[in-house]
Every structure is written in C-alpha cells, then in structure tokens.
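Visitor: output the structure for:
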Amino acid sequence: MTIRRLLATTSLAAMLLAGALMPAVAQPAAPRLAAPGCAAGSSGIGDAYFPYMGNSGYDVRHYTLDLDLDVPAGAIRSASATIQATATVDLCAFNLDFSGLDIDALRIDGVPAAFSRRGQELTVTPARPLARGGEFVVEVAYHGVPFTHATPPAAGILALLAALDAGATPAAEAAATPVDEAAAPAEEEPGGLFLAAPDVDRYGPSLGGWWTTDGSIFVAGEPRGAETWFPVNGHPADKATYTFRLTVDAPYEAVANGRLAARDEVDGRVTTTFVMSSPMASYLATIHAGRLDVVETVGPDDLPLRFAFATSTPDEQRTRLIDVTPDMLDFFAERFGPYPFELAGGTVVDSMVGFALETQTMPIYGVDPVGALPEEDRAANLDSFEEIVAHETAHQWFGDSVSILRWEDVFLNEGLANYGMYLWIEQRDGSAAMQARLRDSYDRIAGMAALAEPGALEGMTATELMAALGPDGEFMTELALEALALPDATLLREISAVEAVAALEAMGISPAAFGGGPVALTGDPGADNLFSSDLVYERGALTAHALRQELGDETFFAVLRAWTARYGGGNATIADFSDTAEEVSGRDLGEFFDAWLFQASLPPLAFPLAGVATPVP
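Guide: Numbering: from 1, shown residues only. Down below sits the predicted model:
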C-alpha cells in the first residue's frame, strides 16, 4: 500500500473517532429530554491498540478534583471528582475508567445515579436519559489507597551508592543466607528503581499511575494511570481542562499541573488549588505531595516558572533544571512556535525512578545520583539529565499541546520530542556532536533491520554480527568472548553468528536481541513496542532529521510551527502531519513518509559532519 492511500485511510479513521467525541449540536443552556431509543456509551473509545481504553458517548470539558491526602500512608482520605461533560449521543448509560478506590456516592446533575463496576470500568446509569448535545455534571465521592507503585526514597539509595563508591560491602551481600525457595512468599508487583515490563492488555500497559515513597506521593503513568486516582475518560482523544484542590497535613506541600490559584493553611492543614486552563490529556495530569522546596521565577517574556523539588534533590540538579529551562523555552519557541501554556517548570520526586514524564507544564524527573558519583563523572551525568529535560520540554509542544488521536501515532509525541533533544544537543555541543549521536542510532537501527531479514544469521560470522549491532556491538563482543572462552576479539572471525548466539543464550541473553523477527514500524509500532527506544524514539528522531535534510532548515521549521499553530490544544494523526508538511513545503512527501515510518528497512541518511569538529564554545 502506498503512503498516499494509507494516509487517506487513516484520515477517515481519525474523523470517525473524533466524531464520537465532538458535540453534534450547539450546547443548550439547559438539558433536553433524550429521544426514545437512547444508547449506552461503549466501554472503549475506539483505539485499535487498546480497545477498552477510554469511553465513547460523551465529551468531557472539565474535571474538578478535590483530594484530601494522607501523605505518609500514600492514601486518599476523601475525594470528590466533578466531571462536566456533553453527551454526543442520547445516553441511557455510560462508562468511566476508574479502578480500585471505594465509591461513597455518585450523582448526575445532583440526582443519585445507579452504578456498577467491573475491572477498571465504572458503568453509570442516570435516573433519566441524557440527551445528545446536552450538558451534564457527574459527581463522584470516593476514598482509599490507589493501586500503588512503591519506590525507595532517594536518600537511602544515594547513601548506598556513596558507600559502594567508598569500597563498602553491601549489607545484603555481607549478611547473605540461603533462601528456602519452597517457603518464599509469592512474587509481588515489582517496584523499586526500575519499571517492570509492560503488562499490555486491552486497556494498555500498566506502566505507572500512583507512586509513593516514605513520605511522598506522585503520579506518573503513560499511556494510562489516571484511572488509579480519579474517574476519567482515560484516552488522549478526550482532552479537558482541570482544577486540582489538594489538602495535606503540614509540613507537607502539594503541587499539580497549571497555575497556583490559591493557598490556604488552617489548623496545620495546607490546601492548594491549581488550574490547568489549557486542554490536557488525562495521562498528563499529575500531583506531587511531600516535603517540597518550591521555587518560583520567570522565563522568556515574563512567563511564570515553578519548580518543586523533593528536599533530597541535589543542589547541582536543582541548579541545572532552573538554569536551562528558560533557555530551552526560548530556543524551542523560535523553532516550534510560541510556548503553548501559561506557565512552565518541573518537579523532582524523592526517588531515582529511572524515567521522566512530560506531565503538562510540570514534567516529572527522578532524583539524580550526581552527588554520589565520582567528581570526574558528575559533569557528564548532569549533561545527560539536561538532555532529558530537553526531551520533556519539547513534549510541551509535541504530545501535550498537540496530542495524538490514537496511540499508533505515538511518533508524533516521542519522535518529535526526541528530535527536540537532538536540536538542543546541536545548540549546546555543535552540529558535529549531534550528528555523531544520530549516526550511532542510525547504525544500530540499520543493523536491527538487517538482522530481521529471514536467515540473516546464516553464513554470517560472529564479527559481522557484532558489527551489525552498531554501538551495542562492543558490549556484546565482551560477553561473546566470555561465553565462548576466547582471549581475543579477532578470533570471532572464525566463529559463526549462530554459534555465538547459542553461547550467549546459554548465558541468559535472549536471541531476540539479535533479530530474527519482524521489526516494528515507527508509524504503527503496535502496543508491545509503543515506547521502543530504538524504533519509536530514535528512528522517530531520525525521521525528523531526514525531513529536515529533505526540506532545508527554513521550510522544516516552518512545518513544525504550522503544525503546532494548527493543532495546538487538540488532537492529530500522522496523516495530518504529512498533510501539513506537504502544504507548507509544496511537495509530495508520500514516498518519504512511507519509507521512514511504514517500512522496516532504513532509508539512506547523510551525516556530513559526524566525524569532525568539536562543540561550539
């Protein structure tokens, strides 16, 4: 199928999906009676990857979330969610995504409504049907302990790293005793420093949601997680505005997306109210409660900036985040268009969570271990953190302001934001440094594509296999030498790739690391590869770089500015991005997008400066 026909097909699907979410008539001042033959909204919004994610039959306009938090317990003492919505069909019943917490009361337009629960689906039956085009208000009172990802506080981890650096023996190793496997308890949900592998099901991967440490709570989950702490239409196709009212016991503080509208402290209880006046996808909604240092300053054009740091955040990390954010906002605004929100900033949580998330206006970062690193490693580590900040800041345009209509279009989020990171590297370190990094990614992904060909390992030597792995080949070479008991890498020329893979498999290395199966497509990666570092993030960035080479800087950045201007505050698809690029450039780019996004093989790409020059002073 050519890209032109494919894009026409996906555009039709996009229109059908959006149509279920938009009011078909003007919103009346008062609700109308539903016509006979009303329907139940479906328990899915229509996403091919995650059929049960989100719901149809209504469009949420605004959420007001009032939460009384028990921070040490990681619990919600009491909460109310007020959801203002518009029916898009005559509704007899509808669903919300909501899991785990106890419901105390549920009303529609002030009248008690019947409800039932199954899994994460909350089915609501109003006392009288809701008319198409009519506004209605759902109020849910609830409480409980959300499904929780518990993670160690940063202080303990940093102390352990510092002790190990000083040559101490880990306590667990020094006191190790045999484990009676028969008496061992059943394995629990993984927590700690690293995320478990995604549990991809009909709702979407269970990556995140409600997180706790000893003395803090934060929310981070993509593609889902909002349903763990409030009832929601949990798909980015239904964006809404938000009000957060958060109450905690002093000395704790709580922050959320958007501008601070009020702060009250009465009888040792602190209540803060935040307003997000720009539409936001539900997975981007976040709160952070704990012992926080809040810093407020201003950025370009007097844009308010707010940073909330867990008290364990190293000074170097605080300084770097505060210092680079205004420069990044200014730099990206020149290339992507005006910053889309009324404030910017970030928050650092009391854990080394191993990820960051582009939560709208307030990206979430984990505590950096810079203070526990040797002096010679600290600068490079902070530079790496800065690159993560660049990625999450670029997301404010790509993913937050312009949101995807369905998850198969994730390239528009991660690929474009990741290229924003590379643009920042180019600004900071020079074009040669940026191209060298992109070339490493290109070589690795090209090797993956080559290894995916049927029978690719047959007739290949172990040396050729390691070369096909790109930058990962050096590490794999060391493992192969150990697995094969070889003293020198030159001897791998005499070993077949099949033999080397077998030896590495015996060491516990999965054969999947060496290809042999189909490569996911960047423009349609599938649910299992939604957040593939190589095929979505890196090949997505390479696609943007290739488009820049194809069009030239002036036209390329004009495309990005037109994109954010046209779709900011709403949703879009890859088809929409292709159409925008063609309209701005005046060129037919169907073959280009087909080759880069919908084919496994990697098109040629030049890196003329990748082997020369040094960073710009």
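
Visitor: what about this structure, any weak spots by pLDDT?
Guide: Applying pLDDT under 70 to the chain flags residues 1-36, 154-207, 371, 470-471, 512, 515-517, 610-617.

Visitor: swap the cut-off to 80 and go again
Guide: 1-37, 151-208, 370-373, 450, 452-456, 459, 468-472, 510-518, 609-617 (pLDDT under 80).

Visitor: please enumerate the helices of the protein.
Guide: All helices of the chain, identified by DSSP state H, fall at 3-19, 154-165, 171-174, 315-336, 375-394, 416-429, 431-451, 462-468, 473-484, 497-506, 539-551, 553-567, 574-585, 590-597.

Visitor: make CSV out of these and add distance to Cys38 and mean neighbour count.
Guide: Quick note: C-beta positions are derived from backbone N, CA and C, even for glycine. Formatted as CSV, the helices of the chain follow (distance: least, Cβ to Cβ, whole Å; neighbours: other Cβ atoms under 10 Å):
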stretch, distance to Cys38, mean neighbour count
helix 3-19, 18, 16
helix 154-165, 52, 16
helix 171-174, 61, 8
helix 315-336, 44, 18
helix 375-394, 43, 17
helix 416-429, 41, 22
helix 431-451, 51, 20
helix 462-468, 59, 22
helix 473-484, 60, 17
helix 497-506, 58, 18
helix 539-551, 43, 22
helix 553-567, 33, 17
helix 574-585, 33, 20
helix 590-597, 41, 20
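
Visitor: how about the nearest residue to the residue of the chain positioned farthest from its centre, chain neighbours excluded?
Guide: In the chain, the greatest distance from the average C-alpha position (Cα atoms, centre = their mean) is reached by Glu494, at 44.1 Å. Closest residue in space to Glu494, ignoring its immediate chain neighbours: Thr461 at 7.6 Å, by Cβ to Cβ, 6 or more residues apart in numbering.

Visitor: Ala497 is in contact with the one you found, correct?
Guide: Yes: taking contacts as Cβ atoms under 8 Å, Thr461 lies within contact range of Ala497: 6.2 Å.

Visitor: return the distance of the residue farthest from the centre of the chain relative to Tyr52.
Guide: Distance, Glu494 to Tyr52, using Cβ to Cβ, to the nearest Å: 53 Å.

Visitor: repeat for Ala417
Guide: Distance of Ala417 to Tyr52, computed by Cβ to Cβ: 27 Å.

Visitor: burial of the residue nearest to Glu494, as a residue count?
Guide: 16 (other Cβ atoms under 10 Å).

Visitor: OK, contacts around it?
Guide: Residues near Thr461 by Cβ atoms under 8 Å, 6 or more residues apart in numbering: Leu492, Arg493, Glu494, Ile495, Ser496, Ala497.

Visitor: how about TSV for the residues you listed, with distance to Ile287 added?
Guide: Shown next, in TSV, are those (distance: Cβ to Cβ, whole Å):
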residue	distance to Ile287
Leu492	52
Arg493	57
Glu494	59
Ile495	54
Ser496	55
Ala497	50
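
Visitor: between these, which is nearest Asp238?
Guide: The shortest approach to Asp238 among the contacts of Thr461 belongs to Ala497, at 48.6 Å (Cβ to Cβ).

Visitor: any idea how far that closest one is from Ser80?
Guide: 61 Å.

Visitor: same deal with Met448?
Guide: Noted for Met448: a distance of 49 Å to Ser80, by Cβ to Cβ.

Visitor: please apply the same query to Leu605.
Guide: Leu605 is 53 Å from Ser80, by Cβ to Cβ.

Visitor: Thr123 contacts Arg117, correct?
Guide: Yes: the criterion here is Cβ under 8 Å, and Thr123 meets it with Arg117 at 7.4 Å.

Visitor: of these two, give the one with the bigger neighbour count.
Guide: Remark: of Thr123 and Arg117, Thr123 carries more neighbours, 17 against 13, as counted by other Cβ under 10 Å.

Visitor: what residues are up against the closest residue to Glu474 other than its chain neighbours?
Guide: Using Cβ to Cβ, 6+ apart and skipping residues adjacent in sequence, the residue nearest Glu474 is Met466, 7.8 Å away. Contact analysis of Met466 by Cβ under 8 Å, 6+ apart lists Gly473, Glu474, Met476, Thr477, Ala480, Leu492.

Visitor: before we move on, what about Asn413?
Guide: Contacts of Asn413 by Cβ under 8 Å, 6+ apart are His395, Phe398, Gly399, Ser403, Ile404.

Visitor: bridging residues for the last one?
Guide: Beta-bridge partners for Ile404, by DSSP bridges, are Ala572.

Visitor: wait, isn't it in contact with Asn571?
Guide: Yes: with contact defined as Cβ under 8 Å, Ile404 counts as touching Asn571 (6.5 Å).

Visitor: can you show me the strands along the stretch 151-300 of the chain?
Guide: Taking DSSP state E, counting those that start in this stretch, the strands of the stretch 151-300 of the chain run over residues 208-213, 216-221, 240-249, 253-256, 259-266, 269-280, 287-290, 292-298.

Visitor: which strands and helices sit next to the fourth one?
Guide: This points to strand 253-256. Where contact means 3 or more Cβ pairs under 8 Å, 6 or more residues apart in numbering; DSSP states H and E, strand 253-256 is packed against strand 240-249, strand 269-280, strand 287-290, strand 292-298, strand 304-310.

Visitor: each with direction, which strands does that strand pair with?
Guide: Sheet pairing of strand 253-256 (DSSP bridges) gives strand 287-290 (antiparallel).
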